[in-house]
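Asks: need a structure here:
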Amino acid sequence: MLLACQVPVFRYALENWEPNRLTVAILYSGEQLAETKELLELIEQAANTADEKVNLRLHPIDVAADHPAGSAEANYWEMWKDKQLPHMFVYFSNNLPTPQLAWSGLLNEENANRLLQSPKRKEVVERLLGGQTAVWVLLESGNQAADKRAEKVLREELAKKSDEIELPSLMDLATEEKFDESLGVDLRVEFSLLTIDSDDEREVFFREMLFNTELDLKDFAHEPIAVPIYGRGRTYFALVGTGINPDNIADNSNFICGAC
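Replies: As a prediction, the model looks like this:
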């Protein structure tokens with residue numbers, strides 16, 4: 001008989017699934033090194049400082065250098081040679097080139113700060129490490145009526161699911177190899193909501209990154225979009241517009257709390 005793991009998905013993810021390390025590819029030309037050096041050092045320092053918890057991998061590419069034909073650097077420059085330099089590309093994957101683009105923009109102080117600093121991302125991390133099951137992030141569309149409707153439905157349904165969903169007891173999980181009670185995070189069901197205004201300049205990178213977690217999701221930016229985040233920053237299927245409804249919220253919530 002095959003016994004399934006009973007650890008809830010969100011807890012299994014928190015304990016066992018490492019966060020993706022984003023690749024920050026920066027294209028610049030040799031003569032631009034002086035003007036970009038300070039920003040490169042800022043990003044590199046953040047990527048290599050453990051207590052900052054910035055999961056970045058810096059990959060600077062000098063397009064003026066002699067890169068062998070067929071190399072990742074040469075292929076990458078061929079892909080983006082129409083872009084103004086210096087330019088920054090953030091990817092969900094460690095591999096270059098890759099279609100998993102999270103965000104791109106000019107390398108300047110404003111964009112470097114957007115990449116490294118985000119009050120909303122920090123809040124998500126604090127809530128998850130505080131024991132919340134998942135943080136639903138509502139990307140507002142700017143349509144006040146639609147945004148308010150989506151927020152109302154989410155708050156009501158997430159409160160219901162927080163009360164309705166039952167988890168295995170600690171006694172039931174005691175024999176599970178993949179459950180670590182010593183983690184110091186309470187095992188409970190608690191969903192919360194975090195909204196991001198469509199005009200929030202501090203969260204430009206975070207919004208774009210969430211839009212790009214699914215193919216063509218950004219095409220629906222004119223509607224409110226709700227993205228559940230759990231574990232160490234994993235996202236699950238986004239809900240869009242009228243898709244932000246009790247049935248879909250329940251389906252996503254039940255998966256996140258289901259057996260791994």
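Asks: quick one: the lowest-mean-pLDDT helix or strand in the chain to chain centroid distance?
Replies: Least confident helix or strand of the chain, by mean pLDDT, DSSP states H and E, is helix 170-173 with a mean of 78. Relative to the chain's own centre, helix 170-173 is displaced by 31 Å; criterion: CA atoms, centre = their mean, to the nearest Å.
Asks: What residues of it count as buried?
Replies: Across helix 170-173, burial judged by 16 or more other CB atoms under 10 Å covers L173. C-betas here are computed from N, CA, C, even on glycine.
Asks: Using CSV, write out every CA atom in it.
Replies: Provided in CSV are the C-alpha atoms of helix 170-173 (Å, rounded to 0.1, in the frame of the first residue of the first chain):
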residue,chain,number,x,y,z
LEU,A,170,0.6,17.6,15.0
MET,A,171,0.1,14.0,16.2
ASP,A,172,-0.8,12.8,12.7
LEU,A,173,2.2,14.6,11.3
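Asks: which parts of stretch 192-207 are buried?
Replies: Result for stretch 192-207 [16+ other CB under 10 Å]: buried residues 192, 195-196, 203-207.
Asks: Name the nearest residue to G258, sequence neighbours excluded.
Replies: Once flanking residues are discounted, G258 sits nearest to V9: 5.6 Å by CB to CB, 6 or more residues apart in numbering.
Asks: Number of residues surrounding that neighbour?
Replies: For V9, the count of nearby residues is 22 (other CB atoms under 10 Å).
Asks: got a list of what it touches?
Replies: Applying CB atoms under 8 Å, 6 or more residues apart in numbering to V9 gives the contacts 230, 255-260.
Asks: Show me just the buried residues among these.
Replies: Going by neighbour count (16+ other CB under 10 Å), these have 230, 256-257, 260 buried.
Asks: Show me where the stretch 151-260 of the chain has its helices.
Replies: Assigned by DSSP state H, counting those that start in this stretch, the stretch 151-260 of the chain shows helices spanning 170-173, 204-211, 246-257.
Asks: Any chance of TSV for the ones you listed, columns distance to S71?
Replies: Converted to TSV, the helices of the stretch 151-260 of the chain look like this (distance: least, CB to CB, whole Å):
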stretch	distance to S71
helix 170-173	49
helix 204-211	27
helix 246-257	41
